[in-house]
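[1] sequence-free structure coming up:
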């Protein structure tokens with residue numbers, strides 16, 4: 001999906017000063033985006049397990065360096 005297609009489906013929420021405060025993303029689009037992030041191990045955007053033990057995180061970092 002290209003950026004223009006994504007931008008055409010989202011809505012911005014602004015405060016009384018006209019400043020953008022939030023973005024509304026349709027559920028279907030959100031699911032597509034999350035799915036593509038979860039399946040992309042090459043870009044480094046893959047989902048990270050926040051419950052992963054610190055020792056494993058450190059070992060992964062040491063391996064990458």
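    Perfect, thanks for sending it. The structure presented is a predicted model; accordingly, all values stated were derived computationally and were not measured.

[2] can you map out the helices along this protein?
    3-7, 27-38, 54-64 (DSSP state H).

[3] would you mind finding the most buried of these?
    Highest mean neighbour count among those (mean count of other C-beta atoms under 10 Å): helix 27-38, with a mean of 12. Placement of C-beta: from N, CA and C, glycine included.

[4] pLDDT score for residue 49?
    pLDDT, residue 49: 67.

[5] before we move on, what about residue 17?
    96.

[6] can you name the residues that contact it?
    Applying C-beta atoms under 8 Å, 6 or more residues apart in numbering to residue 17 gives no contacts.

[7] same thing with residue 13?
    So, once contact is read as C-beta under 8 Å, 6+ apart, residue 13 ends up touching 20, 21, 22, 23, 24.

[8] need the residues you listed in JSON lines (columns: pLDDT and distance to residue 53).
    Formatted as JSON lines, those follow (pLDDT from 0 to 100; distance: C-beta to C-beta, whole Å):
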{"residue": "20", "pLDDT": "96", "distance to residue 53": "38"}
{"residue": "21", "pLDDT": "96", "distance to residue 53": "37"}
{"residue": "22", "pLDDT": "96", "distance to residue 53": "34"}
{"residue": "23", "pLDDT": "95", "distance to residue 53": "34"}
{"residue": "24", "pLDDT": "97", "distance to residue 53": "36"}
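
[9] distance to residue 59 for those residues - can I get that in CSV?
    Listed next are the contacts of residue 13 as CSV, based on distance: C-beta to C-beta, whole Å:
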residue, distance to residue 59
20, 40
21, 40
22, 38
23, 36
24, 40
